[in-house]
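> sequence isn't available, so here's the structure alone:
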């Protein structure tokens, strides 16, 4: 039975429990002398029954669906001939994927051997038993929950408080999900990264000057032994981000100053949303623009000036990334400039300073910490940006600070290492998680510092 | 003495005034220039996409005189449906091309000639005959889809003055196409294939339908998870949360998650949902879950702002007549805050629709021809389709990529317009 069907049945059970709960509370109340003897409205008793039917059953459903795949995997693998079970992990994974694909009707039986066909039959059988058991279990839990709640219905039962208490916990659970997500990110990235650092020493990763993650997959294969020096990636990332910030900060900051200090209200009302369109453009569109329009343009421009420009230059990716973060820098600076008290401005203007002297000598110094915070946030955006660099920056990790050459970034390498075949016992795949760990902590650090700086700045004027 | 000092200061100020005013004007011009730069960037970006993409919405067809003789098709007098289905329609197309240009003889020349027509032609003819078996034994003029390269010449995208070796459409093909055009045998039509089919290796047959369905399923999962969870989290934090360490921890986490690079969410999805829970790869289900985790902070933050903006009087009035906290929130605060919450959610959904990087991590980059039928079928989404096409070197795909971008941007503009409309209505109250 499909999960959706189970879900629909569960919903129907909830409705039934609600109606029964309401009815029962009315009957019980009538026996005791009228509806007014009830503590809560009949609806609340209905809600209580429905919640008791739904919550435990939903929990069972989610847990079951979550673990079904891995349990099935273990059972099917245990059924396979011992020779197959002794295969290395990645070959066994491939073997299992074929079994799974055949069982689901995705691939033909032609490519499979006899054991796989047998295993697929077993897979199908077990899977169907599993889904029947799942449906039955969910059904039983739901009915038991509802019955338990229905039995407790008496006029003195504080059904409303009961339901509200449960609901408050559900609300708490929803917001606690944010903590769980962070925890999930840290743990998933950390575990694989630790496995990576068991193979490649941490110092080699942090201080190595060479990045070429081609590892021999089989022992006898001719391939480079692979070196995982992180420095070229970091330099490449910083180079592209620096180009981006060099474009975005002057343009964004000057636009913000002009719009908040000089522009008329109408001009501002039209201009700001138009410039913010730049923030709404998907990054893949910027990537396409960078790779097919900007990169050839910069290459042509460079050649006409007699410069040697790589076709995937850091300049092109950085320039387009800069365009992308202009609105980001603009709206952050705008907020911060507006937070500078008018009294400061008026004092300066009253002394006879021109507007531009006021802005440069009074407003900007006062806003500086906030602007620095904003630039840090923009930098963290630039470092974590993926699609533009995947499409417009290079793959070869060259250690250079010349923006006309091709460099690669952390995010590009994560994508390259993980798209396609993944083997979770190969340092090549695990390296992506180590890079993810670095990326997460670098951006986290930048964000925390930036948010702290911005908040301190705001408090200063509040 | 005081007079002379004052006048010297005045003089000094007056002398510098001109310079100061000039600097003031210059500064204003810098500001205008910055705003203008932003505008120019936006204009170039949009113009580039539109110029590149708009040809993709038309397609050229070539009219051929098709001989549906039973002998040519290799079928009997009254063939069954299976016989027709396995008949040799490719030979028919090739034959009619040879008839059209009888002086083409060489093997490679013939090959070039056959490349004028898309490989879909034989299926078009097969479907025609299957629908009307009476066609067998007749002659009929049929409009057939041109090959992508021939189409790009007919659209005027091929520079014939370039050396022949550097272009895909050769001189002979150019001559044939010119002849066909002179005879009125070519026609430009609206490209419905682009909207009605999935991905293909042939640019003229590639479409975005599969990607659109994938995007739809993915967004549906995202919305079903992110909207209720986000709103409930916002309610908790605004109305119920006690001031303590745990609440602070939750708030810090939400703010940080909003700034975590999207690709990190992809790593989470890969490690947790695919490797640990063994959910299907490439499926909208996993994509939707990952995107919902990513958009949750946006929804929570905007929903909190909307709930905060509800006037306390509504709150107090409800509490005053004896409503419980939960009743107050669900019956009175939430309906008033709803337009604001919806605005934030739509913006979050627009973000999710345009997101690519985390979906690459969970394997939604496969070549998908079939339209997915549910949330667990392998599928791709519109931005990923754009990414895949952008990687193809063929000119036909560049055009398709830009066209797909136009469709994607169209959806985003629609969603943002809806959000703006809701916000405007909300402000009126």
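Sure thing, it's come through. Being a predicted model, the structure only gives us computed values, none of them experimental.
> now do the strands in chain B.
For chain B, strands defined by DSSP state E occupy the ranges B:58-67, B:139-145, B:186-190.
> now for these, which one comes closest to chain A?
strand B:58-67 (20.9 Å; Cβ to the nearest Cβ). (Each C-beta comes from the backbone N, C-alpha and C, glycine too.)
> now that closest one: buried residues?
B:59, B:60, B:61, B:62, B:63, B:64, B:66, B:67 (16 or more other Cβ atoms under 10 Å in any protein chain shown).
> between the two ends of stretch B:160-174, how far is it?
By Cα to Cα, to the nearest Å, the extent of stretch B:160-174 from end to end equals 8 Å.
> briefly note if it comes near chain A.
No - using Cβ under 8 Å from any Cβ of the partner chain, stretch B:160-174 never reaches chain A; the gap is at least 15.7 Å.
> pretty sure residue A:336 sits against residue A:455.
No - with contacts counted by Cβ atoms under 8 Å, residue A:336 stays clear of residue A:455, the gap being 11.6 Å.
> ok, those two, which is more surrounded?
residue A:336 (25 against 12; other Cβ atoms under 10 Å in any protein chain shown).
> in terms of pLDDT, where does the more buried one sit?
You'll see residue A:336 listed with a pLDDT of 88.
> quick one: it from residue A:173, how far?
36 Å (Cβ to Cβ, to the nearest Å).
> would you reformat the strands of chain B as a markdown table and include mean pLDDT?
Shown next, in a markdown table, are those (pLDDT from 0 to 100):
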| stretch | mean pLDDT |
| --- | --- |
| strand B:58-67 | 86 |
| strand B:139-145 | 85 |
| strand B:186-190 | 87 |
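> ok so, going back, okay if I get the buried residues of strand B:58-67 as CSV plus distance to residue B:314?
Listed next are these as CSV, based on distance: Cβ to Cβ, whole Å:
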residue, distance to residue B:314
B:59, 57
B:60, 62
B:61, 63
B:62, 68
B:63, 69
B:64, 72
B:66, 73
B:67, 78
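> ok, those residues vs residue A:460, which is closest?
residue B:59 (62.2 Å; Cβ to Cβ).
> need the residues of the stretch 301-429 of chain B near chain A, please.
Counting by Cβ under 8 Å from any Cβ, the stretch 301-429 of chain B sits next to chain A at B:324-326, B:350, B:353-357, B:360-361, B:365, B:383-384, B:386-387, B:390-391, B:398, B:401-402, B:405, B:408-409, B:412, B:416.
> count the neighbours of the spatially closest residue to residue B:293 that is not a sequence neighbour for me.
In this structure, residue B:293 finds its nearest non-sequential neighbour in residue A:181, 5.3 Å apart by Cβ to Cβ, 6 or more residues apart in numbering or on different chains. Residue A:181 has 22 neighbouring residues, counting by other Cβ under 10 Å.
> next: residue A:30.
12.
> show me which of the residues of the stretch 301-429 of chain B next to chain A are buried.
Of these, these count as buried by 16+ other Cβ under 10 Å: B:324, B:326, B:350, B:353-357, B:360-361, B:365, B:383-384, B:386-387, B:390, B:398, B:401-402, B:405, B:408-409, B:412, B:416.
> contact partners for the nearest residue to residue B:67 once chain neighbours are set aside?
Closest residue in space to residue B:67, ignoring its immediate chain neighbours: residue B:139 at 5.6 Å, by Cβ to Cβ, 6+ apart. The neighbours of residue B:139, taking Cβ atoms under 8 Å, 6 or more residues apart in numbering or on different chains as the test, are B:65, B:66, B:67, B:68.
> what does residue B:318 give?
With Cβ under 8 Å, 6+ apart, residue B:318 has these contacts: B:327, B:328, B:331, B:332, B:333.
> ok, what's across the strand from the nearest residue to residue B:100 once chain neighbours are set aside?
Leaving out its chain neighbours, the residue that sits closest to residue B:100 by Cβ to Cβ, 6+ apart is residue B:64, at 6.6 Å. Counting by DSSP bridges, residue B:64 forms beta bridges with residue B:142.
> now for whatever residue of the stretch 51-200 of chain B ends up closest to chain A, how many residues are close by?
Nearest residue of the stretch 51-200 of chain B to chain A: residue B:52, at 7.8 Å (Cβ to the nearest Cβ). For residue B:52, the count of nearby residues is 21 (other Cβ under 10 Å).
> how many neighbouring residues does the closest residue to residue A:293 other than its chain neighbours have?
Closest residue to residue A:293 apart from its sequence neighbours, by Cβ to Cβ, 6+ apart: residue B:48 at 5.2 Å. Using other Cβ under 10 Å, residue B:48 has 17 other residues around it.
> which residues does residue B:237 contact?
A:175, B:247, B:250, B:251, B:300, B:304.
> please repeat the previous calculation with a cut-off of 7 Å.
Contacts for residue B:237 (Cβ atoms under 7 Å, 6 or more residues apart in numbering or on different chains) come out as A:175, B:250, B:251, B:304.
> just residue A:52 next, same as before
So residue A:52 contacts A:145, A:146, A:148, A:149 (Cβ under 7 Å, 6+ apart).
> and of the residues you listed, the nearest to chain B?
Scanning the contacts of residue A:52 for proximity to chain B, where the rule is Cβ to the nearest Cβ, the winner is residue A:149, at 18.1 Å.
> check that closest one and give its pLDDT.
In this model, residue A:149 carries a pLDDT of 88.
> state the helix or strand in which it lies.
helix A:114-151 (DSSP states H and E).
> how distant is that helix from the center of its chain?
32 Å (Cα atoms, centre = their mean, to the nearest Å).
> assess the claim that residue A:119 and residue A:80 are in contact.
Yes - the pair residue A:119 / residue A:80 is scored as a contact, 5.7 Å apart, by Cβ atoms under 7 Å.
> if I look at residue A:14, how far off is chain B?
15 Å (Cβ to the nearest Cβ, to the nearest Å).
> so what's the residue count around that residue?
Count around residue A:14 with other Cβ under 10 Å applied: 23.
> equivalent analysis for residue B:317, please.
13.
> any idea how many residues pack against the residue lying closest to it once chain neighbours are set aside?
Spatial nearest neighbour of residue B:317, chain neighbours left out: residue B:332 (7.7 Å); criterion: Cβ to Cβ, 6+ apart. Applying other Cβ under 10 Å, we find 17 residues neighbouring residue B:332.
> tell me the pLDDT at residue B:332?
92.
> does chain B sit close to stretch A:375-391?
Yes - using Cβ under 7 Å from any Cβ of the partner chain, stretch A:375-391 reaches chain B at A:377, A:380, A:384, A:386, A:387, A:391.
> if we can go back for a sec, could I get the strands of chain B as TSV with distance to residue A:15?
Listed next are the strands of chain B as TSV, based on distance: least, Cβ to Cβ, whole Å:
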stretch	distance to residue A:15
strand B:58-67	51
strand B:139-145	52
strand B:186-190	48
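> right, so of the ones you listed, which gets closest to residue B:36?
strand B:58-67 (34.4 Å).
> now, of the contacts of residue B:318, which are buried?
B:328, B:332, B:333.
> now the contacts of residue A:52 as JSON lines including distance to residue B:17 and neighbour count?
JSON lines is the format used below for those (distance: Cβ to Cβ, whole Å; neighbours: other Cβ atoms under 10 Å in any protein chain shown):
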{"residue": "A:145", "distance to residue B:17": "83", "neighbour count": "21"}
{"residue": "A:146", "distance to residue B:17": "85", "neighbour count": "26"}
{"residue": "A:148", "distance to residue B:17": "87", "neighbour count": "13"}
{"residue": "A:149", "distance to residue B:17": "84", "neighbour count": "25"}
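> dump the residues you listed into JSON lines; add distance to chain B as well.
As requested, those are arranged in JSON lines below (distance: Cβ to the nearest Cβ, whole Å):
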{"residue": "A:145", "distance to chain B": "21"}
{"residue": "A:146", "distance to chain B": "21"}
{"residue": "A:148", "distance to chain B": "22"}
{"residue": "A:149", "distance to chain B": "18"}
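> go through those residues and name the one nearest residue A:21.
Distances from residue A:21 to the contacts of residue A:52, taken by Cβ to Cβ, are shortest for residue A:149, at 6.7 Å.
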